[in-house]
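*Asks:* Mind folding the following:
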Amino acid sequence: MNKNLCISLLGIMLFFASSQAEARMTKEAHILYQEACNYEYKGDYATAIDIIQKALNINGDDAMLYTKIAGLYADAGNYEEALGAYKKAVRLRPNDAFIYISIGNILQTMGDYENAYNSFMQAQQIYPEYKYNYLNLANIEYFRKNYKNAIEYYTTFLNAYPEHLEASENLANVYYASGQPEKACDIYAALYKKYPTAFKDYTHYGLALFDTKQYKAASEILTRALEDNKEDEVVLAKLALSYQNLGNNDKALEYYTKTFAVNPDLTALRFDYANLLGNMGKNTEAIEEYKTYIKAFPNDANAYKNLGLVYKRQNDIDLALFNIEKAYTLDSSDNDIKKELALCYHQKQDYINALKFYDMVLSVSPDNYELLANKALTLHAMNNYVAAIELYKQLLEKQPNERLQTNLAAATIAYAYDLYDKKDYGQAILYFEDAIELNPKEASAYFGYASANDKMGCSDIALENYRKAVSLAPANLEYNTALSMFMTNHKMAEAKNNAENKITVPEAKKPEQIKLTTTEQTIAYENLVKNGDEAYKKQQYNDALDYYAKAVIYAPQDKNTMLKIANIYKLTGNNTKALSFYDRLLSIDKDSSDAYFNKGLVLANQKNYDDAIKCFERVIQLSPDYPYAYYSLGMAYEQKGDTEKALEYYYLYSGVEKDEKMLNTVRQKIKTLEG
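*Replies:* Below you'll find the predicted structure:
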């Protein structure tokens, strides 16, 4: 803005007043006046002033001479003398608005905006029809930051002089300065379009565009502004930020570099600079910039949060948490900070704190699907299966999500196994059924379902689902072992039932085998075995072992009871004890195919495949039609990586097995191994 804008109007004022002044000016004074004007034209203000002073000595009551010498003093930069002369002129002509305007311009130039405004207002009261004075009033109110008044005066002036470029630019500047960048942009854009060559205020226009988030246009206009001043740090900084917001990181980095080259002390800008470096993957540099910024602004929560996020990207969760927690202490109301804390604690597997912050965020944003999903995962990880399952279901009702569907199935299976471990087999079965419906290809769901039904005495369902588990996970030794044991035990139970239905005395009670010495011992032995069998059926394995162990004291050669003891130890995972009793049984009966087979299963479970293979081979020698010995040999060789031998025994198994479902499982194995 030109602070001396209205001084150029002095000629108009002098012309307007000359008709009255010349009437009183003497001829001699008038000649001197004309001579002074010639020197003024040449720029020789000192000589012109001396000549006017001579005229005043002759004609000291002429207002025009005082206004003339005042103007000369002003042109020479002697504002105090100029004001003194104008004051004398205004005493001679108190109703001359233009003298007050001239005084106002001098005061404005001197920075005395308050008195300048008063002088312009005096002129306004004297001569309200003079529209140019509104420009003076607008300019002075702009300087005084009385933006509302400035806008009113500029608008009034432009209604009279709509083509006035400087007034229009100043009005735009006032809108920008008063926090109305949208209105400023409208005026700048209109001026730039109308006067493309005369328009000069690229800086303010570019800043207004930036403030209205028109970053592409801002970058273009601010680049033009740099043509006038290539080291304008404000323009350079806004260009960097514009390109950063546009996602043009390379350009943004270029202008940040130029900005800090001009002024390295722009610490406040280093926060955005650090954000850029972080987004570009320059994590080390970003960390240093955040630290520099934090030294100057130690209470900026966002700086600590963003620094923490950089550490999080580097997988340094401890430092990430340290800084984000600091951000939280500075601003505990920021939901984004609480969200990041929840995610970091989750990643650190501190599920209690993760859940606490998830709940804080969700209390403000209860429908945030992503956070609800994370909360469900946290509950799942904390083994709070019931709450996790419920939340998974709620989320899936809102929208399908394959990942959450899988997680729901996993939580349902985990809870079902939890119920199984607590011997709540009925409830476990219900949850295993849900899991199978959720994920029909999950072998562990079928295995758990089979195990629970086995405990409930539902043998047909158990067998079907053991087989399903094996068919889905044919390489899983646990599933194969369980199936083999189930079928072995099931056959033993059938054999026992058949024996009980016969009239003949069971073999176990023959004196030549048991070698009992008294009737009382025989009765005690039979009761112990009977009680052991009842406890076994009820899965009361410790009680069963106690009964069987006491029974074999009466009958140390009782192969059946010895086998039951070994099988219980195998079933409960005590492999050492199981192997010990299988060996004791084999010392009694070196041709017990059941003992060799089950011993082989225990050895295979211990990954001792070589010894397991010897056991299974011995079973085949003793019982060539023992199908699961072939199958187990195939499994053992497969686990050892001997595909050729595995295929050999799978083919042999196919020749002796009659069960179509198991045959399908083995055929699939053969197909897989043969590629």
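
*Asks:* quick one: Thr672 and Val666, what's the gap?
*Replies:* To Val666, Thr672 is 11 Å away according to CB to CB, to the nearest Å. In short, each C-beta sits where N, CA and C put it, glycine included.

*Asks:* and what of Pro94?
*Replies:* In terms of CB to CB, Pro94 sits 121 Å off from Val666.

*Asks:* ok, these two, which is more surrounded?
*Replies:* Neighbours of Pro94 and Val666, each counted by other CB atoms under 10 Å, are more numerous for Val666; the result is 23 against 12.

*Asks:* Pull the contacting residues for the more buried one.
*Replies:* Val666 is in contact with 631, 634, 650, 653-654, 657, counting by CB atoms under 8 Å, 6 or more residues apart in numbering.

*Asks:* element containing it?
*Replies:* With secondary structure defined by DSSP states H and E, Val666 is part of helix 660-674.

*Asks:* list the buried ones in that helix?
*Replies:* 662, 665-666, 669-670 (16 or more other CB atoms under 10 Å).

*Asks:* How far away from the center of its chain is it?
*Replies:* Counting by CA atoms, centre = their mean, to the nearest Å, helix 660-674 is centred 47 Å from the centre of its parent chain.

*Asks:* For Phe297, give me its contacts.
*Replies:* In this structure, Phe297 makes contact with 267-268, 271, 303, judged by CB under 8 Å, 6+ apart.

*Asks:* ok, 7 Å please
*Replies:* Taking CB atoms under 7 Å, 6 or more residues apart in numbering, we find Phe297 in contact with Ala303.

*Asks:* average pLDDT for stretch 639-652?
*Replies:* Summarised as a single mean, pLDDT over stretch 639-652 is 88.

*Asks:* what element comes up after the helix or strand containing Cys344 heading to the C-terminus?
*Replies:* In this assignment (DSSP H and E), Cys344 forms part of helix 335-347. Helices and strands here follow DSSP H and E; after helix 335-347, the next one along the chain is helix 351-364.

*Asks:* Return the list of helices and strands in contact with that following helix.
*Replies:* Counting contacts by 3 or more CB pairs under 7 Å, 6 or more residues apart in numbering; DSSP states H and E, the secondary-structure elements packed against helix 351-364 are helix 335-347, helix 369-381.

*Asks:* Tell me which residue is most central in this structure.
*Replies:* Nearest to the mean C-alpha position of the chain, by CA atoms, centre = their mean, lies Glu340 at 6.9 Å.

*Asks:* Quick check: chain neighbours aside, which residue is closest to that one?
*Replies:* Ile324 (5.2 Å; CB to CB, 6 or more residues apart in numbering).

*Asks:* What of Asn664?
*Replies:* Here the nearest residue to Asn664 in space, its sequence neighbours aside, is Ser471; by CB to CB, 6+ apart that works out to 7.0 Å.

*Asks:* and the nearest residue to Thr155 once chain neighbours are set aside, how far is that from Glu152?
*Replies:* Once its chain neighbours are removed from consideration, Thr155 has its nearest residue in Leu171; the separation is 7.1 Å (CB to CB, 6+ apart). Noted for Leu171: a distance of 10 Å to Glu152, by CB to CB.

*Asks:* do Gln125 as well
*Replies:* In terms of CB to CB, Gln125 sits 17 Å off from Glu152.

*Asks:* For those two, work out which one has more neighbours and name it.
*Replies:* When Gln125 and Glu152 are compared for neighbours, Glu152 comes out ahead with 15 against 10, by other CB under 10 Å.

*Asks:* Just the element for the more buried one, please.
*Replies:* Taking DSSP H and E as the criterion, Glu152 maps to helix 147-160.

*Asks:* Gly77 now?
*Replies:* Under the criterion of DSSP H and E, Gly77 resides outside all helices and strands.

*Asks:* Offset the numbering so it begins at 44, please.
*Replies:* With the count now opening at 44, the last piece we talked about shows up as Gly120.

*Asks:* what sits against it?
*Replies:* Applying CB under 7 Å, 6+ apart, no residues qualify as near Gly120.

*Asks:* Let's see the pLDDT reported for it.
*Replies:* The predicted structure scores Gly120 at 93 on the pLDDT scale.

*Asks:* swap in Tyr652?
*Replies:* pLDDT, the model's per-residue confidence, is 91 for Tyr652.

*Asks:* For it, what are phi and psi?
*Replies:* Dihedral angles of Tyr652 (phi, psi; degrees, to the nearest 10) stand at phi -70, psi -30.

*Asks:* Check Gln223 too.
*Replies:* For Gln223, the backbone dihedrals are phi -120, psi 60 (criterion: degrees, to the nearest 10).

*Asks:* What number of residues are in the vicinity of it?
*Replies:* What Gln223 shows, counting by other CB under 10 Å, is a neighbour count of 17.

*Asks:* For it, give its distance to Leu284.
*Replies:* Separation of Gln223 from Leu284 (CB to CB): 21 Å.

*Asks:* And Glu717, by the same measure?
*Replies:* Following CB to CB, the distance that separates Glu717 from Leu284 is 65 Å.

*Asks:* my guess is Ala268 meets Val278, correct?
*Replies:* Yes - using CB atoms under 7 Å, Ala268 and Val278 qualify as a contacting pair, with a distance of 5.0 Å.

*Asks:* who touches Leu364 in this structure?
*Replies:* Neighbour list for Leu364: 387, 391 [criterion: CB under 7 Å, 6+ apart].

*Asks:* What is the three-state secondary structure of it?
*Replies:* helix (DSSP: H, G, I helix; E, B strand; the rest coil).

*Asks:* Model confidence score at it, please.
*Replies:* The model reports Leu364 with a pLDDT of 97.

*Asks:* Likewise for the one 10 residues further on?
*Replies:* What the model reports as pLDDT for Asp374 is 96.

*Asks:* Of all the residues in the helix or strand containing Glu124, which ones are buried?
*Replies:* When elements are defined using DSSP H and E, Glu124 is found to belong to helix 122-135. Residues 122, 124-126, 128-129, 131-133, 135 are the ones in helix 122-135 that count as buried (16+ other CB under 10 Å).

*Asks:* what's the angle between the helix or strand following that helix and helix 122-135?
*Replies:* Along the chain past helix 122-135, the next helix or strand (assigned with DSSP H and E) turns out to be helix 140-153. In this structure, helix 140-153 runs at an angle of 160 degrees to helix 122-135, with axes from the mean of the first three to the mean of the last three CA atoms, to 10 degrees as the basis.

*Asks:* tell me the mean pLDDT for stretch 506-521?
*Replies:* 89.

*Asks:* Tell me the buried residues in that stretch?
*Replies:* 506, 508-517, 519-520.

*Asks:* now swap in stretch 205-223 and tell me
*Replies:* Quick answer for stretch 205-223 (16+ other CB under 10 Å): 207, 210-219, 221, 223.

*Asks:* Export that stretch to CSV, keeping only CA atoms.
*Replies:* Output of stretch 205-223 as CSV, limited to C-alpha atoms (Å, rounded to 0.1, in the frame of the first residue of the first chain):
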residue,chain,number,x,y,z
PRO,A,205,-14.7,0.3,-9.3
GLU,A,206,-11.7,0.1,-11.5
HIS,A,207,-9.3,1.3,-8.8
LEU,A,208,-6.7,-1.5,-8.7
GLU,A,209,-4.8,-0.5,-5.6
ALA,A,210,-8.0,-0.1,-3.6
SER,A,211,-9.2,-3.5,-4.7
GLU,A,212,-5.9,-5.1,-3.8
ASN,A,213,-6.1,-3.4,-0.4
LEU,A,214,-9.6,-4.6,0.2
ALA,A,215,-8.5,-8.2,-0.6
ASN,A,216,-5.6,-7.7,1.8
VAL,A,217,-7.9,-6.6,4.6
TYR,A,218,-10.1,-9.6,4.1
TYR,A,219,-7.1,-11.8,4.3
ALA,A,220,-5.7,-10.0,7.4
SER,A,221,-9.1,-10.3,9.1
GLY,A,222,-9.3,-14.0,8.7
GLN,A,223,-11.5,-14.1,5.6
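
*Asks:* And the furthest pair within the contacts of Val709?
*Replies:* Pairwise distances among the contacts of Val709 were taken by CB to CB; the largest, 11.4 Å, belongs to Gly677 and Glu700.
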